[in-house]
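Novice: What follows is a predicted structure for the sequence shown.
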Amino acid sequence: MTAPHQGLGRALIVIAAATVFSFAASDAFAQRGGGGGGARGGGAPAKPAPPAPRMPDGTPNFSWVDEANKGVWTTGQNRDFAARLVDKAAGIPFQPWAKALYDYRIKTEQKDDPEGFCLSGGGTTATSNRMSQPWEFIHLPQQKRIVRIFEQNSMWQVIYMDGRQHPQIAYDLPTWLGHSVGRWEGDTLVVDTVGFNEGHWLSVNGLPRTSQHHLVERFTRPDYNTLRYEAEIDDPGAYTQAWKVAWNLNWGPGEELNEFFCVENNKYPSLYPTEDAQFFSGATAAGTRTQGAATPATQPALNEGQGHPLKGIWLGDRGTGANRMPVLIEMNWDGKAITGSISPDTDKIAFTRAELNHNNWTVHLEAQSGGTKYVIDGKIENLGALNRSIVGTWTQGNQKGDFKITRQ
């Protein structure tokens with residue numbers, strides 16, 4: 001493996017085996033460290049760059065006009081956002097749980113990276129992804145839209161330039177890339193995006209991202225071969241205040257995007273150990289899938305689960321020995337507090353207390369119904385997996401037992 005890829009962890013290693021042709025194409029970009037100059041598609045040798053092009057209305061053109069000067073935008077991985085901070089002295093303003101989860105992902109070498117499971121990044125992880133795959137702008141002035149198309153998973157982002165606001169559906173039904181509207185501030189394109197789901201990370205290294213994430217990106221082309229990128233991250237679900245990162249992207253002259261489908265013959269999930277088998281039901285120790293119907297407990301929704309570790313619906317049972325009863329627990333995170341309910345029988349009972357200790361990933365829940373008090377103490381198992389579990393003790397009035405619930 002080439003030097004720029006050393007230490008990426010098993011996610012990238014297995015993707016390489018699963019998508020040999022596509023990875024080989026993208027690896028050429030990574031070897032350049034995101035720089036221009038392109039041998040990948042028989043790119044043209046270096047030559048004096050023309051002035052940065054403009055559209056007929058005078059706004060900057062972030063693409064190309066003359067085929068002799070065609071190309072794409074290339075970028076390195078930009079794994080460490082702390083090194084890309086606009087205000088390095090301030091650092092990344094983590095909430096405590098978010099810092100602990102980030103540290104866990106670093107310690108485990110990003111083994112749960114959604115990109116390793118062929119899931120599409122959005123926002124900052126689309127602009128700069130693990131495999132350093134390029135992308136380009138397409139200007140559609142008559143339609144009042146600008147589109148970004150990405151080699152990564154052959155995806156695209158529509159930026160609406162007609163002055164519209166974000167619709168309510170963007171918040172109600174969050175997506176991988178969110179909903180984007182844009183405007184010009186002089187020669188800078190400002191892209192405002194909301195409505196991200198919690199299926200991905202904020203950075204290659206594993207910075208958490210929640211559905212409260214509001215991203216403002218600024219693109220400026222000071223010369224033909226350079227695109228200045230600045231991203232303001234405002235995610236009160238994971239951080240205590242807004243913060244900014246910035247870096248330059250370089251023009252890859254003469255190059256074009258390749259078709260890339262990570263899901264084709266993807267071998268990575270089959271190599272995931274049983275205790276981490278978060279995408280396929282019935283995984284065995286050998287990593288193969290057994291016969292039988294899928295169960296919700298082993299096939300959680302892929303578009304959630306990478307934000308606050310308690311957020312979601314949890315199913316399981318409680319009791320003593322073989323005397324078990326089903327239980328459902330729902331939990332949410334608003335950026336300040338855990339809210340939710342337990343359903344030990346048919347009724348939902350709201351939490352009166354809910355706490356997460358991010359130092360040891362233990363959970364304490366309390367609820368009250370009539371004269372019965374519920375006290376639940378547990379520990380999160382398999383933290384990085386989407387189908388993580390909580391195991392511990394269940395107290396209901398004067399009855400005590402154990403429980404295990406799994407995130408759906």
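Specialist: Right, received. Where do you want to start?
Novice: Identify the residues contacting Val86.
Specialist: Glu230, Trp243, Lys244, Val245, Ala246 (Cβ atoms under 8 Å, 6 or more residues apart in numbering). C-beta coordinates here come from the backbone N, C-alpha and C atoms, glycine included.
Novice: I'd like the distance between it and His214.
Specialist: 17 Å (Cβ to Cβ, to the nearest Å).
Novice: now the contacts of Val86: which count as buried?
Specialist: Glu230, Trp243, Lys244, Val245 (16 or more other Cβ atoms under 10 Å).
Novice: with these in mind, which one is nearest to Gly401?
Specialist: Closest approach to Gly401 among the buried ones among the contacts of Val86 (Cβ to Cβ): Trp243, at 44.9 Å.
Novice: was I right about the closest one contacting Asp235?
Specialist: No: assessed by Cβ atoms under 8 Å, Trp243 is found out of contact with Asp235, at 9.3 Å.
Novice: Give me the below-cutoff pLDDT ranges for the chain.
Specialist: Within the chain, the stretches with pLDDT under 70 are 1-47, 264-299.
Novice: how does it look with 80?
Specialist: For the chain, the stretches flagged by pLDDT under 80 are 1-48, 76-77, 263-301, 346.
Novice: Going along the chain, name the helices of it.
Specialist: Secondary structure of the chain (DSSP state H): helices located at 10-18, 20-31, 96-107, 124-127, 168-172.
Novice: Val216 and Pro167, how far apart?
Specialist: Val216 is 18 Å from Pro167, where distance means Cβ to Cβ.
Novice: So the two - more neighbours on which side?
Specialist: When neighbours are counted by other Cβ atoms under 10 Å, Val216 and Pro167 differ, and Val216 comes out ahead with 16 against 12.
Novice: wait, the more buried one sits on Val191?
Specialist: Yes: here Val216 reaches Val191: they are 7.2 Å apart, a contact under Cβ under 8 Å.
Novice: overlap in contacts of these two?
Specialist: With Cβ under 8 Å, 6+ apart, Val216 and Val191 have no common neighbours.
Novice: Please give the centre-to-centre distance between stretch 332-344 and its chain.
Specialist: 22 Å (Cα atoms, centre = their mean, to the nearest Å).
Novice: tell me which residues of it are tucked away?
Specialist: Per 16+ other Cβ under 10 Å, stretch 332-344 contains these buried residues: Trp333, Ile338, Gly340, Ser341, Ile342, Pro344.
Novice: Show me those that map onto strands.
Specialist: Counting by DSSP state E, the part of the buried residues of stretch 332-344 found in strands is Trp333, Ile338, Gly340, Ser341, Ile342.
Novice: Go ahead and confirm the first one touches Gly307.
Specialist: Yes: between Trp333 and Gly307 there is a contact under Cβ under 8 Å: 7.2 Å.
Novice: now the strands: where do they sit in the stretch 301-408 of the chain?
Specialist: Counting by DSSP state E, counting those that start in this stretch, residue ranges of the strands within the stretch 301-408 of the chain are 312-320, 323-333, 338-343, 349-357, 362-369, 372-381, 389-396, 399-407.
Novice: got a list of contacts for the fourth one?
Specialist: Right, strand 349-357. Strand 349-357 has contacts (Cβ under 8 Å, 6+ apart) with 97, 309-310, 331, 337-343, 362-369, 374.
Novice: correct me, but Asn332 touches Thr339?
Specialist: Yes: Asn332 lies in contact with Thr339 (Cβ under 8 Å); the separation is 5.1 Å.
Novice: Give the bridge partners for the spatially closest residue to Ile329 that is not a sequence neighbour, please.
Specialist: Nearest in space to Ile329, with sequence neighbours left out and distances taken as Cβ to Cβ, 6 or more residues apart in numbering, is Trp314 at 4.5 Å. Partner residues in beta bridges with Trp314, using DSSP bridges, are Ile329, Arg407.
Novice: Neighbours of Trp314, how many?
Specialist: If you count neighbours by other Cβ under 10 Å, Trp314 ends up with 21.
Novice: now swap in Gly71 and tell me
Specialist: Residues contacting Gly71 under the criterion other Cβ under 10 Å number 25.
Novice: Report the beta-bridge partner residues of it.
Specialist: On the basis of DSSP bridges, Gly71 is bridged to Pro253.
Novice: distance of it from Thr226?
Specialist: Taken as Cβ to Cβ, the span from Gly71 to Thr226 is 12 Å.
Novice: what touches both of these two?
Specialist: Common neighbours of Gly71 and Thr226 (criterion: Cβ under 8 Å, 6+ apart): Trp251.
Novice: List every C-alpha atom in stretch 387-396, with coordinates, as CSV.
Specialist: Presented in CSV, the C-alpha positions along stretch 387-396 are these (Å, rounded to 0.1, in the frame of the first residue of the first chain):
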residue,chain,number,x,y,z
ASN,A,387,-26.8,-2.5,16.6
ARG,A,388,-25.0,-1.7,19.9
SER,A,389,-26.6,-3.1,23.1
ILE,A,390,-27.1,-2.0,26.7
VAL,A,391,-26.9,-4.7,29.4
GLY,A,392,-27.5,-4.3,33.1
THR,A,393,-29.9,-4.4,36.0
TRP,A,394,-33.6,-3.6,35.9
THR,A,395,-35.5,-2.6,39.1
GLN,A,396,-39.3,-2.3,39.0
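Novice: now that stretch, how far from the centre of its chain.
Specialist: Here stretch 387-396 is found 27 Å from its chain centre; the criterion is Cα atoms, centre = their mean.
Novice: Tell me who's in contact with Trp176.
Specialist: Per Cβ under 8 Å, 6+ apart, neighbours of Trp176: Leu119, Ser120, Gly121, Gly122, Met155, Phe196, Asn197, Gly199, His200, Asn303.
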